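K.L.:
Predicted model and sequence follow; I will ask about them next.
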Amino acid sequence: MSPVRLAPAAALVSATALPVLAALHVAPVVSTFGPLRNRVMPCLAGQGRPDHVALTFDDGPDHLSTPHFLRFLDARGIRATFFLLGSMLVRSPALAKEMAAAGHEIAVHGWRHHPLLVRGPRATCDDLARARDAVADVTGRPPVLFRPPYGVMTTAAHLACRRLDLTPVLWTCWGADWRKRATPRSVENTVLRDLRGGGTILLHDSDCTSATGSWRTTLRALPRILDTCQEQGWTVGPLREHGLRGLPMG
């Protein structure tokens, strides 16, 4: 076939392949739907052993808010998992060091809080690698967990996690604490409505991507959430103690 005839054929193949590639890229977005994720993707949802609840926070470290959470958790004798943004980490490296030294688990939330749907494979991998390396440099320990911004995974994100030895973990319940109209009671009720033994709670220790001052609402909601877990006989701790399949305990 002559080059003149090959050109239209190549263009046709490209036009046909693009929708297929786009569909493959966004296919994991179905995991964003909580009820489906909790039912058929227990590992990604963060479902662990039934006598334990994993407490996790996103978007830090924030020098204005995170220390308040650290003091509260220390007073309760509880350790949590913090999914850090690389762009926040470089502003407060000493705080991240303090978090790790206090026994909290440090994980990756990406470099910037941008949706992965608008990023290609290379940009996705570069973002995760940059954040992972920053956490390792500051804390002295490479992170093993990743949570995508907005909880939206893509095929590129799954491939990047495999390449970088990161395990993606979302959540089984959240507090919707980022909203401007959230109150301590609404956060408490939203978490407790869906919380079961073995669940993973998503909250935020920073308002860098949330309503201004929303972290104060989250902080005031924590006592009742933790008290309820205690009443139910559930131990609260980080994901490393949660018994997730494929992850070592401790």
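P.N.:
Everything's here; your move.
K.L.:
Need the single longest strand in the chain, by residues.
P.N.:
strand 52-58 (DSSP state E).
K.L.:
Remind me what the helix or strand just after it packs against, helices and strands.
P.N.:
Once the chain leaves strand 52-58, the next helix or strand it forms, by DSSP states H and E, is helix 66-76. Where contact means 3 or more C-beta pairs under 8 Å, 6 or more residues apart in numbering; DSSP states H and E, helix 66-76 is packed against helix 93-101, helix 214-231. For every residue, glycine as well, the C-beta is placed using N, CA and C.
K.L.:
which regions of this protein sit below the pLDDT cut-off?
P.N.:
Across the chain, the ranges flagged by pLDDT under 70 are 1-34, 36-38, 246, 248-250.
K.L.:
May I see the buried residues of stretch 225-233?
P.N.:
Residues of stretch 225-233 classed as buried under the neighbour-count rule (16 or more other C-beta atoms under 10 Å) are 225-226, 229.
K.L.:
Make TSV from the helices and strands packed on helix 66-76 and add distance to Ser65 to it.
P.N.:
Putting the helices and strands packed on helix 66-76 into TSV (distance: least, C-beta to C-beta, whole Å) gives the following:
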stretch	distance to Ser65
helix 93-101	10
helix 214-231	4
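K.L.:
Ala107 is nearest to which of these?
P.N.:
Within these, the stretch nearest Ala107 is helix 93-101; the backing value is 11.0 Å (C-beta to C-beta).
K.L.:
Show me what the closest one is packed up against.
P.N.:
Under the contact definition 3+ C-beta pairs under 8 Å, 6+ apart, helix 93-101 sits against helix 66-76, strand 105-108, helix 121-139.
K.L.:
which one of these has the most crowded surroundings?
P.N.:
Highest mean neighbour count among the helices and strands packed on helix 93-101 (mean count of other C-beta atoms under 10 Å): strand 105-108, with a mean of 26.
K.L.:
Name the nearest residue to the spatially most central residue of the chain, ignoring sequence neighbours.
P.N.:
What sits nearest the mean C-alpha location of the chain, by C-alpha atoms, centre = their mean, is Arg147, with 2.7 Å. In space, not counting the residues next to it along the chain, Arg147 is nearest to Phe83; the distance is 4.5 Å by C-beta to C-beta, 6 or more residues apart in numbering.
K.L.:
other SSEs contacting the strand or helix carrying that neighbour?
P.N.:
Element membership for Phe83 (DSSP H and E) is strand 81-84. Packed against strand 81-84, as judged by 3+ C-beta pairs under 8 Å, 6+ apart, are the following elements: strand 52-58, strand 105-108, strand 145-146.
K.L.:
and of those strands, who's closest to Arg76?
P.N.:
Smallest distance to Arg76 across those (C-beta to C-beta): 10.2 Å, for strand 52-58.
K.L.:
Contacts for that closest one next, please.
P.N.:
The list of residues contacting strand 52-58 from outside it, by C-beta atoms under 8 Å, 6 or more residues apart in numbering, reads 46, 48, 69, 78, 80-83, 107, 109, 147, 169, 171, 195, 197-206, 229, 234-239, 241-243.
K.L.:
Now restrict these to buried residues only.
P.N.:
When the contacts of strand 52-58 are checked for burial by 16+ other C-beta under 10 Å, the buried set is 46, 48, 69, 78, 80-83, 107, 109, 147, 169, 171, 195, 197-206, 229, 234, 236-239, 241-243.
K.L.:
ok so, going back, quick one: the residue nearest to the centre of the chain and His109 touch, right?
P.N.:
Yes: between Arg147 and His109 there is a contact under C-beta atoms under 8 Å: 5.5 Å.
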